[in-house]
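Student: Pasting the sequence and the predicted coordinates here, then a few questions.
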Amino acid sequence: MRSCAVPPWTLLVCAVAALAQFVPAIGADLIYDRFAIESGQWWRLLSGSLVHLSMRHCVYDGLALLVVGSVAEQRGGRDLGILYLVAGLAVGLAIFLWEPQITTFGGLSGIVTATLVYLCLTGCFEGGKLRWLWGGALLLAAVKLALEFWLRASWLVASGDEHFVAVPASHLAGAGMAVLLYAVKSSMLRQMDATSGLRGIRRLRTGGV
Amino acid sequence: MSIHVRRDFIGLVAVAMCAMLAVAGCTLLRERERHNSASVVDFLYPNTKDPVVTPGVPLLALPLRVGIAFVPNSGSASPVLTEQRKMALMQQVADYFQKYPYVKSIEVIPSPYLKPRGGFANLDQIRTMYGVDVIALVSYDQVQFTDQGVLSLTYWTIVGAYVIPGEKNDTQTMLDTVVIDVKSRKMLFRAPGTDRVTGRATLVNASEQLRADSAASFDAAARQMIGNLDQQLALFKDKVKEHPDEYQVVRTPGYQGGAGGGSVDAYWLAVTGMVAGLALWLRRRP
């Protein structure tokens, strides 16, 4: 796979998140607002992840995405734009369906989780002697997800300075979407390999090269 | 003994047995009733001579600090709910409230802190002691009927009292949570839960079975009540929006009601840093 010197998708997402943070009018139009979504502003399901509820919230989420997204794109994740899109939508839908008491939501961490899981899955199944290291990172992510659901809290929120509740469903939705996308991509690649293999066999039988 | 005398004797014995069974039946086939309740009205308005309390306009400062307590049993009957059961039921309701961002804290208040017929004066004491804004008062009413069916006639054999389930039990329960703003004396909303359990028992384990039915019925009523709390809370929120003159809602600085955040914390940062480091290290490896 060809790698990107500059991670365009990650930079784009981080730039929009920063814009939404520093221009409140844009943030207000993009934030996940349950009542606005119910009245037809469905784009907020997707764009809600780009808005943050405090500066610290924005810095933590943006920094994490910048690091993990850049690495993923540099490792050849050219389809990361699709991952960001479907993960953002999955996060919004998950909160809308499973967390009806959440009226306002923001935060990139669902997308960060999706990117992290996708990167680890790619590392695990690419082969190589060090695949267990990727597996270990995947296990750490799974432990974190389980802890969040068990304790129903995040350490950032639990510090008491943030005035919002942690929403572990957003991380789970992101992780689930990464697994799904990876499974679909792997399946498509296998089918393509099989098709190209059959063509080769047919060519050999017909005497072609 | 002549045939006539024998017939008369048999007839007499038959009449005597019928009379005995009828008397026994009247004695055995009786209905028993156990009634146990704790009423919110009895607790809040103990003295009917007092003028009716006029509620004010509640000022709800979000996020709210909520207390939850069982109304004390006003009657002389032995209470069916132990303190342990009450705490468990209250914890279920507390867990339900905890998920809402506009609830800052939930205090489960033990029964000894509430006096029978304590009224709003008692609630004011609780408000000061626990620092709560609103209080959820849980009251209950449970009636248990025991009837003896035809099978109870086998109790005459003694063994029947141990093995034949001749007791028919009927347990009817109502649990009710009333949420009150203590300062304004205004009821915000209420949610009931009801249940009915029927069953049979032998004479010997009748009281044990009644206790089991009582506990099961309380559990089922609590589940229904918690479900109703969701509906009533949604209706209350609509009511607050529609009638701003009846309810004042203020937000304490920094509070973002209903706000949820997908947040990356130190753990996520450490994992992402580790994964990024791993990827860079693998890239530089020959």
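Tutor: Now that the structure is in, tell me what you want to look at.
Student: Make sure B:Tyr100 is actually in contact with A:Gln101.
Tutor: Yes: counting by CB atoms under 8 Å, A:Gln101 is a contact partner of B:Tyr100 at 5.7 Å. For the C-beta atoms, the positions are set from N, CA and C on the backbone; glycine is no exception.
Student: Give me the next element, helix or strand, following the helix or strand bottoming out on mean pLDDT in chain A.
Tutor: In chain A, no helix or strand scores lower on mean pLDDT, DSSP states H and E than helix A:155-158, which sits at a mean of 51. Proceeding N to C from helix A:155-158, the next assigned helix or strand is strand A:165-166, under DSSP states H and E.
Student: by contact count, what packs against that following strand?
Tutor: helix A:155-158, strand B:259-261 (3 or more CB pairs under 8 Å, 6 or more residues apart in numbering or on different chains; DSSP states H and E).
Student: In terms of secondary structure, what does whichever strand or helix holds B:Gln91 contact?
Tutor: If you go by DSSP H and E, B:Gln91 is part of helix B:83-98. With contacts taken as 3+ CB pairs under 8 Å, 6+ apart, helix B:83-98 sits against strand B:64-70, strand B:103-109, strand B:134-148, helix B:206-242.
Student: Can you add mean pLDDT and give these back as a markdown table?
Tutor: As requested, these are arranged in a markdown table below (pLDDT from 0 to 100):
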| stretch | mean pLDDT |
| --- | --- |
| strand B:64-70 | 89 |
| strand B:103-109 | 85 |
| strand B:134-148 | 87 |
| helix B:206-242 | 84 |
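Student: among these, which is nearest B:Lys183?
Tutor: Closest to B:Lys183 of those is strand B:134-148 (CB to CB; 9.0 Å).
Student: mind listing what's buried in that closest one?
Tutor: Going by neighbour count (16 or more other CB atoms under 10 Å in any protein chain shown), the buried part of strand B:134-148 is B:134-142, B:144-146, B:148.
Student: What helices and strands are in contact with it?
Tutor: strand B:31-38, helix B:40-44, strand B:64-70, helix B:83-98, helix B:119-130, strand B:167-181, helix B:206-242.
Student: if we go to 7 Å?
Tutor: strand B:31-38, strand B:64-70, helix B:83-98, strand B:167-181, helix B:206-242 (3 or more CB pairs under 7 Å, 6 or more residues apart in numbering or on different chains; DSSP states H and E).
Student: Neighbouring strands - and their directions - for it?
Tutor: strand B:31-38 (antiparallel), strand B:64-70 (parallel), strand B:167-181 (antiparallel) (DSSP bridges).
Student: between it and helix B:83-98, how many degrees?
Tutor: Using axes from the mean of the first three to the mean of the last three CA atoms, to 10 degrees, the inter-axis angle of strand B:134-148 relative to helix B:83-98 is 130 degrees.
Student: Going by neighbour count, which residues in the helix or strand following strand B:134-148 are buried?
Tutor: Next along the chain after strand B:134-148, taking DSSP H and E as the criterion, comes helix B:159-163. Using 16+ other CB under 10 Å as the test for burial, helix B:159-163 gives B:Gly160, B:Ala161.
Student: Check what contacts helix B:159-163 and list those residues.
Tutor: Residues outside helix B:159-163 that contact it (CB atoms under 7 Å, 6 or more residues apart in numbering or on different chains): B:Thr154, B:Tyr155, B:Thr202, B:Leu203, B:Val204.
Student: Tell me which of B:Tyr100 and A:Gln101 has more neighbours.
Tutor: The neighbour comparison of B:Tyr100 against A:Gln101 (other CB atoms under 10 Å in any protein chain shown) goes to B:Tyr100, with 18 against 15.
Student: How is the more buried one assigned, secondary-structure-wise?
Tutor: coil (DSSP: H, G, I helix; E, B strand; the rest coil).
Student: pLDDT score for it?
Tutor: What the model reports for B:Tyr100 is a pLDDT of 72.
Student: same question, B:Pro79
Tutor: 67.
Student: now B:Met174
Tutor: On the pLDDT scale, B:Met174 gets 91.
Student: I'd assumed B:Arg196 was in contact with it.
Tutor: No: applying CB atoms under 7 Å, one finds B:Met174 not in contact with B:Arg196, separated by 10.0 Å.
Student: Brilliant, that's me finished.
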